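Engineer: sequence-free structure coming up:
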Ligand code: GLN
């Protein structure tokens, strides 16, 4: 199962976030500590999205292991940002290994990632998918559960839902339609991060000026807090709120 992270705070290089920590996302791609849903390594692609200034993020994604791409190492050393979302992917069996299936998914100011699996895919999602505009289904980023989850979240954002509301409503609809699904969703607009802990590990570290939400703590420094199962985290640089998801 994939690993992901989101950061808000003073600008840091992507290298400081993705490569330098002792248990960085790079290391989690080949030696994750807490792969609850099966899978052993996260080698089926990776992606990073950041806000170079302004509201619109830039993405770099590839369908290969993060350790095998020399370009991301160079880019990460030369790029700084104060808001970042990144993921390494372990494709669920049967799902396409293509760049378009690697998080972050994006539209406008939004970046999104999913760590987990939708049970009974794709049949369990027919009722929820049927409520989406046909155009969204025909233009789904990839034939994966994560891409459909993004379409469901995006549909609510487009309708004006607040980010926490879009994530909460999507989690409860998917849990109802596909019980047992693992739904660690992660969404940011560069100002706020919303993350659900449903079926997978999630941790948060807040300092007075920054917040990091990550599948796994990337170092042994103090301040990491594990998010209990069934909770939703809503964070800005100055505040981290947590509440139970209900369904
Ligand atoms: N099921 C999703 C995929 O295959 C998410 C992967 C994950 O968490 N491993 O893309």
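Structural biologist: Looks like it came in fine. Values in this document were obtained by computation on a predicted structure and should not be read as measured data.

Engineer: can you list the strands that the top strand by length along the chain pairs with?
Structural biologist: In the chain, with assignment by DSSP state E, the single longest strand is strand 3-13. Note on strand 3-13: by DSSP bridges, its sheet partners are strand 80-88 (antiparallel), strand 210-214 (antiparallel).

Engineer: and the shortest one, what's buried?
Structural biologist: If I follow you right, that is strand 210-214. The neighbour-count check on strand 210-214 (16 or more other CB atoms under 10 Å) flags 210, 211, 212, 213, 214 as buried. Yep, even glycine has a C-beta here, placed from its N, CA and C like the rest.

Engineer: check which residues of the longest strand of the chain are buried.
Structural biologist: Within strand 3-13, the residues scored as buried using 16+ other CB under 10 Å are 3, 4, 5, 6, 7, 8, 9, 12, 13.

Engineer: now do that strand: distance to the chain's middle.
Structural biologist: Centroid displacement of strand 3-13 relative to its chain, using CA atoms, centre = their mean, to the nearest Å, is 12 Å.

Engineer: can you name the next helix or strand after it?
Structural biologist: Remark: after strand 3-13, the chain's next helix or strand is helix 14-18, criterion DSSP states H and E.

Engineer: could you point out which element follows that following helix?
Structural biologist: helix 25-30.

Engineer: next up, the contacts around residue 168.
Structural biologist: 196, 232, 245 (CB atoms under 8 Å, 6 or more residues apart in numbering).

Engineer: likewise residue 174?
Structural biologist: Here residue 174 is in contact with 118, 125, 128, 149, 152, 181, 183 (CB under 8 Å, 6+ apart).

Engineer: which SS state does it fall under?
Structural biologist: Of the three states, residue 174 takes helix under DSSP: H, G, I helix; E, B strand; the rest coil.

Engineer: before we move on, what about residue 47?
Structural biologist: strand.

Engineer: hmm, it is touching residue 57, no?
Structural biologist: No: look at residue 47 against residue 57 with CB atoms under 8 Å: they stay out of range, at 11.0 Å.

Engineer: overlap in contacts of the two?
Structural biologist: Jointly contacting residue 47 and residue 57 under the rule CB under 8 Å, 6+ apart are residue 104.

Engineer: is the residue nearest to the spatial centre of the chain in a helix, a strand, or coil?
Structural biologist: Residue closest to the mean C-alpha point of the chain, counted by CA atoms, centre = their mean, is residue 113 at 2.6 Å. Three-state call for residue 113 (three-state DSSP): strand.
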